[in-house]
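Asker: below are the sequence and a predicted model; questions follow.
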Amino acid sequence: MRERITSVDLKTFFTENNKVALAFSGGVDSAYLLYAAIQNGADVTAYYVKSAFQPQFELDDAKRLADGLGAKIKIIHADVLANDDVVKNPANRCYYCKKIIFSLILKAAAEDGYSVIIDGTNASDDVGDRPGIKALREMEVKSPLQLCGLTKDMIRDLSKKAGLFTWDKPSYACLATRIPTGEIITEEKLSATERSEEFLSSLGFRDFRIRRAGGAAKLQIPAGQIDLVIKNREKIVEQLKKDYSSVLLDLEVRNEQ
């Protein structure tokens, strides 16, 4: 684990690193980091890598946030499904995926004159043996939020005070996480997940997941939204069975974040 330097704040970090390329997802953490970089006078460009693993709303949020801040943003396209190590979906799939994504960012950033790459890993993230974190460390990506001891709750609070619409955005993991480890990832499976989760979002659900279980859709819903499932049961079944053999409700409900 990288040593936490609690004596350093973001102002100090961006004074010492005043020209940075940000790996930008449009989520809570990278959104606040982009804001902080701009507020502290850094030359920053946000790089968003679009692949089959990211739903369209993530890109839309990223563009909206960057536009609101007047930030420079570049969209890079990655064909992650062209990589056999990713498609086979091993336990360390995230390692291979991060290597692809950050290699593209490093190349684009270098062409734009940036040598320092930063990302939104925060002090709440478990960085132990996570494959994705391993890839970032190998590529010498800096994580200012983690270095400065900023937790997810702190970042949400700071984002709210800054007026960022992302302050209460639910945490989101890529579409590939909905497919069980060891099961081949296909564009069809990812598209089915995106369509189904977009439909549930339109019904008012937040911070949920639809995971594959064989050919079935397994809904993981926060406890406070179970009544909404019952209310919309017929609609949900009708829509999701366009892509899945059956629809299951996981009674080990998700914790709302």
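Answerer: Now that the structure is in, tell me what you want to look at.

Asker: count of neighbours near S202?
Answerer: Look at S202: counted by other Cβ atoms under 10 Å, it has 10 neighbours. Every C-beta, even on glycine, is put in place using the N, C-alpha and C of the backbone.

Asker: could you list every helix and strand in contact with the helix or strand harbouring I76?
Answerer: Element membership of I76 [criterion: DSSP states H and E] is strand 72-77. On a contact count with 3 or more Cβ pairs under 8 Å, 6 or more residues apart in numbering; DSSP states H and E, strand 72-77 meets strand 43-50, helix 56-69, helix 93-111.

Asker: pull the residues that contact the helix or strand bottoming out on mean pLDDT in the chain.
Answerer: When each helix and strand of the chain is scored by mean pLDDT, DSSP states H and E, helix 131-138 comes last, with a mean of 88. Outside helix 131-138, the residues that touch it by Cβ atoms under 8 Å, 6 or more residues apart in numbering are 2, 91-99, 102, 119, 121, 125, 127, 143.

Asker: then the strand holding I76 to PDB, C-alphas only?
Answerer: C-alpha atoms of strand 72-77 as PDB (Å, rounded to 0.1, in the frame of the first residue of the first chain):
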ATOM      1  CA  LYS A  72     -10.600  20.300 -21.000                       C
ATOM      2  CA  ILE A  73     -11.800  16.700 -21.700                       C
ATOM      3  CA  LYS A  74     -10.800  14.100 -24.300                       C
ATOM      4  CA  ILE A  75     -12.700  11.000 -25.200                       C
ATOM      5  CA  ILE A  76     -10.600   7.900 -26.000                       C
ATOM      6  CA  HIS A  77     -12.200   4.700 -27.300                       C
END
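
Asker: just checking, next helix/strand downstream of it?
Answerer: Past strand 72-77, the next helix or strand by DSSP H and E is helix 84-87.

Asker: that following helix packs against which elements?
Answerer: Applying 3+ Cβ pairs under 8 Å, 6+ apart, we find helix 84-87 packed against helix 93-111.

Asker: sorry, back to before: and the contacts of helix 131-138, which is the shakiest by pLDDT?
Answerer: Across the contacts of helix 131-138, the bottom pLDDT score, 39, is held by R2.

Asker: off-centre distance for stretch 170-181?
Answerer: 9 Å (Cα atoms, centre = their mean, to the nearest Å).

Asker: who touches that stretch?
Answerer: With Cβ under 8 Å, 6+ apart as the test, stretch 170-181 has contacts from 27-28, 52-55, 58, 86, 89-91, 93, 97, 152, 185, 189-190, 193-194, 206-207, 209-213, 257.

Asker: now, those that are in helices?
Answerer: Cross-referencing the contacts of stretch 170-181 against helices under DSSP state H gives V28, E58, V86, R93, C97, K152, K189, L190, T193, E194.

Asker: out of these, which two are the most distant from each other?
Answerer: Greatest spacing in the ones in helices among the contacts of stretch 170-181, by Cβ to Cβ: K152 and K189 (29.0 Å).

Asker: contacting residues around the residue nearest to T151 when sequence neighbours are not counted?
Answerer: Spatial nearest neighbour of T151, excluding adjacent residues (Cβ to Cβ, 6 or more residues apart in numbering): S124 at 4.4 Å. By Cβ under 8 Å, 6+ apart, the residues touching S124 are T151, K152, D153.

Asker: just name the closest of those residues to A217, please.
Answerer: Once Cβ to Cβ is applied, the member of the contacts of S124 that ends up nearest A217 is K152, at 28.2 Å.

Asker: which among the contacts of stretch 170-181 end up buried?
Answerer: 27-28, 52-55, 58, 86, 93, 97, 152, 185, 189-190, 193-194, 206-207, 209-212 (16 or more other Cβ atoms under 10 Å).
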